[in-house]
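Trainee: following is a predicted model, sequence given first.
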Amino acid sequence: MDTAFETSLNKIQLDMVSTCMDYCQQQCDHLYVHIIYEKNILFADFYFRINGQMCKKSRIDSSGKTVDPKKQKKALSDIIAYAREIFKLCEAHNRPVPTELRLFFDNHTNNFRAKYCYDEITNEARTDRTVSNEWFSQLSEVH
């Protein structure tokens, strides 16, 4: 096992979690980060479960107010930069670059999980946004 790789990978992933937790001011129950990287296109999004309700990054509370677009852009830009770090790390350690990363963080237990996919998951009919919306819908169905 390459402990330098694992340590660096975990640090980058936890930096992603930290960015998103700062974004929601630590107020979520669960955090989900979704990264898709196929055909040289990088897609990123993140969601929260707050008080039992799934929330997209644009609306993270029950007030219905939209989060400041500049704050959204900054957080998303940081997540994308971290994703690029992961891809560079994989290449530097001769590891396959994942096409999809799904990160989960439980704010109450500090439980962190990551799921990686290396298969192609998008096509003309199933875009990165479609895949992300499918995952959000699946998460919304879980109570």
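Mentor: Everything's here; your move. Residues are numbered from 1 along each chain as shown.

Trainee: what's around Asn123, how many residues?
Mentor: 9 (other Cβ atoms under 10 Å). C-beta here means a position set from N, CA and C on the backbone, and glycine is covered the same way.

Trainee: packing partners of the biggest helix by length in the chain?
Mentor: Looking across the chain with DSSP state H, the single longest helix is helix 69-92. For helix 69-92, the elements it packs on are helix 3-23, strand 30-38, strand 41-50, judged by 3 or more Cβ pairs under 8 Å, 6 or more residues apart in numbering; DSSP states H and E.

Trainee: and the residue nearest the centre of the chain, how far is that from Glu124?
Mentor: Nearest to the geometric centre of the chain sits Val33, at 1.6 Å (Cα atoms, centre = their mean). As judged by Cβ to Cβ, to the nearest Å, Val33 and Glu124 stand 26 Å apart.

Trainee: could you do Phe87 as well?
Mentor: For Phe87, the distance to Glu124 - Cβ to Cβ - is 24 Å.

Trainee: what's the burial count for the nearest residue to Gln27 once chain neighbours are set aside?
Mentor: The shortest distance from Gln27 to any non-neighbouring residue, by Cβ to Cβ, 6 or more residues apart in numbering, is to Ile50 (6.3 Å). Using other Cβ under 10 Å, Ile50 has 19 other residues around it.

Trainee: so Ile50 makes contact with Cys24?
Mentor: Yes. Here Ile50 reaches Cys24: they are 7.3 Å apart, a contact under Cβ atoms under 8 Å.
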